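>>> model this:
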Amino acid sequence: MTTFEDVVSKAKTVAGAAGKKTSEFIEVTRLKIEIAELEKETSSILEGLGRLVYDAQKAGEDVSSLIDECAVRLDGCQEKIDELRKKIDEVRSAVRCKDCGATNTDDSIYCKKCGARIV
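Predicted structure coming up:
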């Protein structure tokens, strides 16, 4: 019976690991969707900003306060994107290179992309 118990124990261990990987995958996918939505919003803001500047230039108007508002919104989107990318790295047990931004495993000493030392 020891063999059967070993098989059952191994099966439970494998099932637990598979369940953990599945939940990690789902969380990373959810975070990536949030990032994509924020990137779409960023593109929309940038497009509107360009249109605003162009129209203001043609009309000879001062829209600096609206430009500042757009810049604040863009900064907010970028901060949220950065936070979500950090969460993805945490879920994956990864670290980002400070020089190039590449994702590396948490036990890396050097960046796999640029070779910089990861501290």
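
>>> From what I see, V53 and I67 are in contact.
Yes - judged on C-beta atoms under 8 Å, V53 makes contact with I67 at a distance of 6.9 Å. All C-beta atoms are positioned from the backbone trio N, CA, C, and that covers glycine.

>>> What about K80, how many residues nearby?
16 (other C-beta atoms under 10 Å).

>>> Packing partners of the helix or strand of the chain with the lowest mean pLDDT?
Ranked by mean pLDDT, DSSP states H and E, the weakest helix or strand in the chain is strand 94-96, scoring a mean of 83. Other helices and strands packing on strand 94-96, by 3 or more C-beta pairs under 8 Å, 6 or more residues apart in numbering; DSSP states H and E, are helix 64-92, strand 103-105.

>>> avg pLDDT for the last one?
What it means is strand 103-105. Averaging pLDDT along strand 103-105 yields 85.

>>> Mind naming the longest helix for the chain?
Assignment by DSSP state H gives helix 2-59 as the longest helix of the chain.

>>> Look up the closest residue to the residue nearest to the spatial centre of the chain, ignoring the ones flanking it.
Residue closest to the average C-alpha location in the chain (C-alpha atoms, centre = their mean): R85, at 2.4 Å. Once flanking residues are discounted, R85 sits nearest to I35: 7.0 Å by C-beta to C-beta, 6 or more residues apart in numbering.

>>> Count residues in the vicinity of that neighbour, would you?
Neighbours around I35, by other C-beta under 10 Å: 18.

>>> Local confidence estimate at it?
97.

>>> before we move on, what about the one 3 residues further on?
Here, the pLDDT recorded for L38 equals 97.

>>> Ok, R117 next?
For R117, the model assigns a pLDDT of 92.

>>> Many thanks, we can stop here.
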